[in-house]
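Engineer: Could you look at this predicted model? Sequence included:
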Amino acid sequence: MAPADLRTLAETARALVAPRKGILAADESSGTIKKRFDSIGVESTEDRRRFYREMLFTTEGHEEFVSGVILFDETIRQSASDGRTLVQVLTDAGVIPGIKVDKGAKSLAGATSETVTEGLDGLRERLEEYAGLGARFAKWRATYTITHDLPSPYAIEVNAHALARYAALCQEAGLVPIVEPEVLMDGGHTIERCYDVTRDVLQATFAELYRERVAFEGMLLKPNMVLSGSDCPTQADHDAVADATISCFRDVVPAAVPGIVFLSGGQTDETATANLNAMNRQGPHPWELSFSYGRALQAPALKAWKGDDANAAAAQGAYLHRARMNGLARTGSWSADREKAA
Ligand code: 13P
C-alpha cells in the first residue's frame with residue numbers, strides 16, 4: 001500500500017476513536033431491525049426505518065460523542081425529509097459514515113451449530129460502490145458460541161480467514177475495516193472460560209490479519225468484553241470485567257491497532273457504560289478503548305419513540321443521554337451519580 005493511502009486510513013481510524021467519542025452501530029439487518037421494532041409494537045416498513053434512523057442522525061449535539069455511524073445497505077441509499085442523503089446528514093454534522101458489508105453468519109458445513117460469516121464474493125466491487133456513496137469505514141461480524149467444547153478450532157480458523165480477507169479488501173478500497181469477532185455471552189460459562197475463548201479467537205484473528213498483510217494502524221477491532229456467561233450463577237463485577245478484558249487484550253492485540261471499539265452484545269445500556277468506564281479508569285492503555293454500541297445506545301431511544309413521531313424529541317434526548325454517558329466512560333469519568341443527575 002502507498003504510504004499516503006495508509007496515512008489516510010490511519011487518520012480515519014484515529015478520528016473514529018477521537019477523545020470522548022465512539023461509534024453508533026445502526027446497521028441492523030432487515031431481520032434484526034424488525035425484531036427491535038416488534039419489541040415496541042411498530043411495523044418495520046421502509047419508511048419507518050428511514051424515519052427512525054433520520055431521527056437518530058439529526059440529534060443535535062450527538063457529534064460531540066459520536067464519531068461515526070455504521071449503516072445498513074438500505075440506509076446508505078436513503079434520504080432525509082429535507083432531501084439530503086442520510087450520508088450527507090451525517091457528514092454535514094462531522095460524523096463519519098460507515099457500512100456493514102458482511103452477509104450474515106451462516107451454518108458452517110461439517111460443523112454442528114457453528115457458523116461462518118459470508119459475503120466475500122463480489123466484495124471488491126461492493127466496497128467500491130460503498131466508497132462512492134460516501135462510506136469511509138466498514139464492518140464485518142463473526143460470531144462464536146461458547147459451550148463446554150465449542151468454539152472448535154475449525155470455526156475459529158475459517159472466520160479468522162474471512163475477517164482477514166475482508167479487512168485486506170477494505171484497505172485496498174480505502175475503507176477502514178472494523179474487524180468484529182464476537183464471542184457471544186449466551187450460556188452458563190464462567191468469565192475464565194470467556195477469557196480463554198476470547199484469547200484464542202483474537203490470537204487466531206491477528207495471526208491471519210498479519211498473514212494477509214493488513215496494516216494494523218489502519219484498522220479497528222470490535223470485540224466482546226470478557227464477561228461471565230449470561231446464565232452463569234456468579235456474575236463478575238465491573239472491575240473484574242475490566243481486569244480480565246485488559247489482561248486478555250494486552251496479550252494478543254498489537255499496540256499498533258489505534259482503537260478497540262467494544263460491542264454491547266446484550267448487556268444492559270448502563271452495564272455496557274459502567275464496564276467501559278471501569279476499563280478506562282485503569283488507563284492509559286496501548287490503544288484507545290471506546291464503544292461501537294447498537295442496543296446499548298439505542299434501547300432507551302426506541303422505548304421513548306414507540307413509533308410515534310410526536311415522541312421524536314424525547315427519543316433524541318434518550319439517545320443523546322446514552323451517547324454523553326459513554327463519552328464520559330471514555331475517560332473513566334462516568335459514575336452512577338452522574339447517570340442519575342443527568
Ligand atoms: P450491539 O452493541 O447491540 O451488540 O451491536 C453492535 C453491533 O454492531 C453488532 O454487530
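Structural biologist: Yep, that arrived.
Engineer: Could you check how far Gly134 is from the ligand?
Structural biologist: Remark: distance between Gly134 and the ligand (CB to the nearest ligand atom, to the nearest Å) = 19 Å. Glycine gets a C-beta too; all of them are placed from N, C-alpha and C.
Engineer: Just the pLDDT at that residue, thanks.
Structural biologist: pLDDT, Gly134: 98.
Engineer: Wasn't it part of a helix?
Structural biologist: No - counting by DSSP: H, G, I helix; E, B strand; the rest coil, Gly134 is not part of a helix but coil.
Engineer: Quick check: which element contains the residue nearest to it when sequence neighbours are not counted?
Structural biologist: Nearest residue to Gly134 in three dimensions, chain neighbours excluded: Val87, at 4.0 Å (CB to CB, 6 or more residues apart in numbering). Secondary structure assignment for Val87, by DSSP states H and E: helix 86-92.
Engineer: Distance check, the residue nearest to Gly134 against the ligand.
Structural biologist: Separation of Val87 from the ligand (CB to the nearest ligand atom) stands at 18 Å.
Engineer: Now do the same contact list for that residue.
Structural biologist: Taking CB atoms under 8 Å, 6 or more residues apart in numbering, we find Val87 in contact with 71, 76, 97, 133-135.
Engineer: May I have the residues that are in contact with the nearest residue to Phe57 once chain neighbours are set aside?
Structural biologist: Sequence neighbours aside, Val89 is the residue nearest to Phe57 in space, at 5.1 Å (criterion: CB to CB, 6+ apart). Taking CB under 8 Å, 6+ apart, we find Val89 in contact with 54, 57-58, 80.
Engineer: Got phi/psi on the residue of the stretch 201-342 of the chain found nearest the ligand?
Structural biologist: Nearest to the ligand, among the residues of the stretch 201-342 of the chain, is Gly294, at 2.8 Å (CB to the nearest ligand atom). Gly294 has phi and psi values of phi -100, psi -80 when expressed as degrees, to the nearest 10.
Engineer: what residues are up against the closest residue to it other than its chain neighbours?
Structural biologist: Leaving aside its chain neighbours, Gly294 sits nearest to Ala25 (3.8 Å; criterion: CB to CB, 6+ apart). Residues near Ala25 by CB under 8 Å, 6+ apart: 69-70, 139, 263, 292-294, 297.
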